[in-house]
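[1] I need the structure of the sequence given here:
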Amino acid sequence: MFEITIDQQEKQPWHFDPTLVRTHVAHIKTGDYCVTGDRGFAIERKSLNDFLGTISTGWDRFQREIYRAREAGFHLPVIVEARFSDILFSVQADGTITPPPHDHPLLTPGFVLKRIGEMEVLGASARFADGPTEAAMLAAALLYQRHRELHADDEE
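    Residues are numbered from 1 along each chain as shown. Next up, the predicted model:
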């Protein structure tokens, strides 16, 4: 079992399997979830609409967060609670083109993909998970791996 710290500003935190993970709420300088006591790795959580707002109108502020992570020595993973296909237009059987199901109609899939590329170059990556449950499972897996890295000497 290991402990995850959840940033105190998380309004609806992810739920983790209590038989595997203990949780603690506190202030996290960069990101929303980390292994308790670890200042060298954190995960940023985003809903689809929050992610799209962050990479458009919130881009300058988000770049500062990426730089803070880089200064702390880590690549910032961003887990988006949506499928990647939710940013794309879809073509129906009758040929009708349906826009993506989000609240940012002026953001084209090309723009979003460009920003995802820019994020990667700056030091962050976007990972898509189909909703909060899948996102929490992905976060737990990443944080468990980080926990193992931090405690590798303890296991020897």
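
[2] how many neighbours does the closest residue to Ile55 other than its chain neighbours have?
    Nearest residue to Ile55, sequence neighbours excluded (CB to CB, 6 or more residues apart in numbering): Arg115, at 4.1 Å. Where C-beta positions appear, they are placed from N, C-alpha and C, glycine not excepted. By other CB atoms under 10 Å, 19 other residues sit near Arg115.

[3] and Val112, that's in a strand?
    No. Per DSSP: H, G, I helix; E, B strand; the rest coil, Val112 lies outside any strand segment and is helix.

[4] does it touch Leu52 like I think?
    Yes. Assessed by CB atoms under 8 Å, Val112 is found in contact with Leu52 at 7.0 Å.

[5] which one's more surrounded, those two?
    Comparing Val112 with Leu52 by other CB under 10 Å, the one with more neighbours is Leu52, at 25 against 21.

[6] which residues does the more buried one contact?
    Ile87, His102, Asp103, His104, Leu107, Val112 (CB atoms under 8 Å, 6 or more residues apart in numbering).

[7] can you name the two of those that are farthest apart?
    The distance between the two most remote of those (CB to CB) is 13.4 Å, for Asp103 and Val112.

[8] mind naming the longest helix for this protein?
    Looking across the chain with DSSP state H, the single longest helix is helix 132-150.

[9] give me the distance from whichever helix or strand comes after that one to the chain's centre.
    Later in the chain than helix 132-150, the nearest helix or strand by DSSP states H and E is helix 152-155. Helix 152-155 sits 28 Å away from the centroid of its parent chain (CA atoms, centre = their mean, to the nearest Å).

[10] His102: which element?
    Assigned by DSSP H and E, His102 belongs to no helix or strand.

[11] so what's it scoring on pLDDT?
    On the pLDDT scale, His102 is placed at 84.

[12] for it, list the residues it contacts.
    Shown in contact with His102 (CB under 8 Å, 6+ apart): Leu48, Asn49, Leu52, Ala82, Asp86, Ile87.

[13] which stretches of this structure have low pLDDT?
    The model of the chain has pLDDT under 70 over residues 155-156.

[14] which residue ranges of it form strands?
    Taking DSSP state E as the criterion, the chain contains strands spanning 2-7, 21-26, 33-35, 44-46, 76-80, 90-91, 97-98, 124-128.

[15] could I get the CA-only coordinates of the first one as CSV?
    Just to be clear, that refers to strand 2-7. Extracted as CSV, the C-alpha positions of strand 2-7 are listed here (Å, rounded to 0.1, in the frame of the first residue of the first chain):
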residue,chain,number,x,y,z
PHE,A,2,1.2,3.5,-0.7
GLU,A,3,-0.2,7.1,-0.1
ILE,A,4,-1.3,9.6,-2.6
THR,A,5,-1.6,13.3,-1.8
ILE,A,6,-4.5,15.0,-3.5
ASP,A,7,-4.3,18.8,-3.9
